[in-house]
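Student: Sequence first, predicted coordinates after that:
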Number of protein chains: 2
Amino acid sequence: MDHIDRALLARLQQDATQSYATLGQAVGLSAGAAHERVRKLRERGAIRRTTIEVDPAAVGSAVLAYVMVESSSWMGDSAPAFAALPEVLEAHVIAGSASVLVKVRTATTEQLQDVLRRIYAIDGVSGTQATVVLETFFERPLSPQESGADGHL
Amino acid sequence: MDHIDRALLARLQQDATQSYATLGQAVGLSAGAAHERVRKLRERGAIRRTTIEVDPAAVGSAVLAYVMVESSSWMGDSAPAFAALPEVLEAHVIAGSASVLVKVRTATTEQLQDVLRRIYAIDGVSGTQATVVLETFFERPLSPQESGADGHL
DNA sequence: GGTGAAATGTGGTTGTT
DNA sequence: AACAACCACATTTCACC
């Protein structure tokens, strides 16, 4: 994981459809060398997958909310329960009074209410506090930092 | 935006490297037709871009936090100020006591503190409340819903 | 808006240094 | 670990329906 790998990651985040020839030229490598670098980044798990970014509004998910989930017991093994709700895009165990923070997208506020109901039904959940997003300034991918070169990989 | 388009989006989210032949076969279309569908989805903006998913730990961003930003004035045009901080991955205007919610990734808690300092320096910001993530259960892409077919596109 | 096929370009592999 | 050359296949375009 050197500066060339980070440059490759940054370029691929912007556009994963470009050829290895283009990619290699951008970082001063041949197409084959760039290909090999990217292959190893995938192998190591630094690149998890290549995917598309979908406009939420285009697929009918106009409502975005973050929900603080309070619990009365240890929630460390409740991941599958949250994963079972397709509207839940992220779930994190957090420090603080609430114990789990989830990101939810739905088509309407009525559907959001229904998701909250289903979250409430999860074992150990004692309360929810939803924060509805009025406007998204931006959402962007993680940019490979210059510092903190290698996080244990 | 019919059920075939949604199936294409779902498949491409899982793996954007598969061929149009495979893609077409999965939805009952020829390679050329699948290609044309996807081209139009890109044109309309339903597909924003093709990108890679990077493991945060691999690029040295082990610390994840959500920050509630309280303000003393209208923050509606403060998007560029937040966008100027590379560690800020998302910024949303929210309903509730705080006015902006941001998602931050850094290598260390010291760097997180520095980001909070820079957020504090943004015009109109009167306070911050950071919630540090202890463990991420999952982060996944939006799955094209069966309902809510077309959100104004 | 779909099909099938032709041509251009890329992915992925192999040899070599 | 990088380069160059190779072949198979995917992308892209086109005429036709």
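Tutor: Good, I have the coordinates. Numbering: from 1, shown residues only, chains lettered A, B, ... in the order given.
Student: so where's the longest helix in chain A?
Tutor: As assigned by DSSP state H, the longest helix anywhere in chain A is helix A:31-44.
Student: Run through the neighbouring helices and strands of that one.
Tutor: Under the contact criterion of 3 or more CB pairs under 8 Å, 6 or more residues apart in numbering or on different chains; DSSP states H and E, helix A:31-44 touches helix A:3-14, helix A:20-27. C-beta here means a position set from N, CA and C on the backbone, and glycine is covered the same way.
Student: could you redo these as JSON lines and give each row mean pLDDT and mean neighbour count?
Tutor: JSON lines is the format used below for the helices and strands packed on helix A:31-44 (pLDDT from 0 to 100; neighbours: other CB atoms under 10 Å in any protein chain shown):
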{"stretch": "helix A:3-14", "mean pLDDT": "96", "mean neighbour count": "19"}
{"stretch": "helix A:20-27", "mean pLDDT": "95", "mean neighbour count": "16"}
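Student: how about the ones you listed, which one is nearest residue B:111?
Tutor: Among those, helix A:3-14 comes nearest to residue B:111, with 16.7 Å by CB to CB.
Student: does any bit of that closest one sit next to DNA strand D?
Tutor: Yes - interface with DNA strand D: helix A:3-14 contributes residue A:4 (CB under 7 Å from any atom of the strand).
Student: and the angle from the longest helix of chain A to helix A:20-27?
Tutor: Using axes from the mean of the first three to the mean of the last three CA atoms, to 10 degrees, the direction of helix A:31-44 lies 90 degrees away from that of helix A:20-27.
Student: what sits up against helix A:31-44?
Tutor: Where contact means CB atoms under 8 Å, 6 or more residues apart in numbering or on different chains, the residues beyond helix A:31-44 that reach it are A:4-5, A:8-9, A:12, A:19-21, A:23-24, A:27, A:29, A:47, A:153, B:58.
Student: hmm, 7 Å instead?
Tutor: Contact with helix A:31-44 is made by A:4, A:5, A:8, A:9, A:20, A:21, A:23, A:24, A:27, A:47, A:153, as judged by CB atoms under 7 Å, 6 or more residues apart in numbering or on different chains.
Student: What are the buried residues along that helix?
Tutor: A:34, A:35, A:37, A:38, A:41 (16 or more other CB atoms under 10 Å in any protein chain shown).
Student: Any part of it near DNA strand C?
Tutor: Yes - under the criterion of CB under 7 Å from any atom of the strand, DNA strand C is reached by helix A:31-44 at A:31, A:32, A:35, A:36, A:39.
Student: Contact partners for the residue located most distally from the centre of chain A?
Tutor: Note on chain A: the largest C-alpha distance from the chain mean falls to residue A:30, namely 31.6 Å (CA atoms, centre = their mean). With contact set as CB under 7 Å, 6+ apart, residue A:30 has these partners: residue A:24.
Student: Does the longest helix of chain A reach DNA strand D?
Tutor: Yes - for helix A:31-44 and DNA strand D, the contact criterion (CB under 7 Å from any atom of the strand) is met by A:31, A:32, A:33, A:36, A:37, A:40.
Student: so where's chain A shaky on pLDDT?
Tutor: Chain A contains residues with pLDDT under 70 at A:146-153.
Student: what secondary structure does the residue positioned nearest the centre of it sit in?
Tutor: For chain A, the residue nearest the mean C-alpha position is residue A:90 (6.9 Å; CA atoms, centre = their mean). With DSSP: H, G, I helix; E, B strand; the rest coil as the basis, residue A:90 sits in strand.
Student: sorry, back to before: and DNA strand C, which of the helices and strands packed on helix A:31-44 is closest to it?
Tutor: helix A:20-27 (3.9 Å; CB to the nearest atom of the strand).
Student: Which strands or helices does the closest one pack on?
Tutor: In terms of contacts (3 or more CB pairs under 7 Å, 6 or more residues apart in numbering or on different chains; DSSP states H and E), helix A:20-27 is packed against helix A:3-14, helix A:31-44.
Student: Switch those over to JSON lines; also include distance to residue B:68.
Tutor: Putting the helices and strands packed on helix A:20-27 into JSON lines (distance: least, CB to CB, whole Å) gives the following:
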{"stretch": "helix A:3-14", "distance to residue B:68": "27"}
{"stretch": "helix A:31-44", "distance to residue B:68": "35"}
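Student: Max pairwise distance over the contacts of helix A:31-44: which two?
Tutor: A:21 and A:153 (26.8 Å).
Student: And what about residue A:129, helix, strand or coil?
Tutor: Following three-state DSSP, residue A:129 is assigned to strand.
Student: measure residue A:94 to chain B for me?
Tutor: Taking CB to the nearest CB, to the nearest Å as the measure, residue A:94 falls 5 Å from chain B.
Student: number of nearby residues for that residue?
Tutor: 20 (other CB atoms under 10 Å in any protein chain shown).
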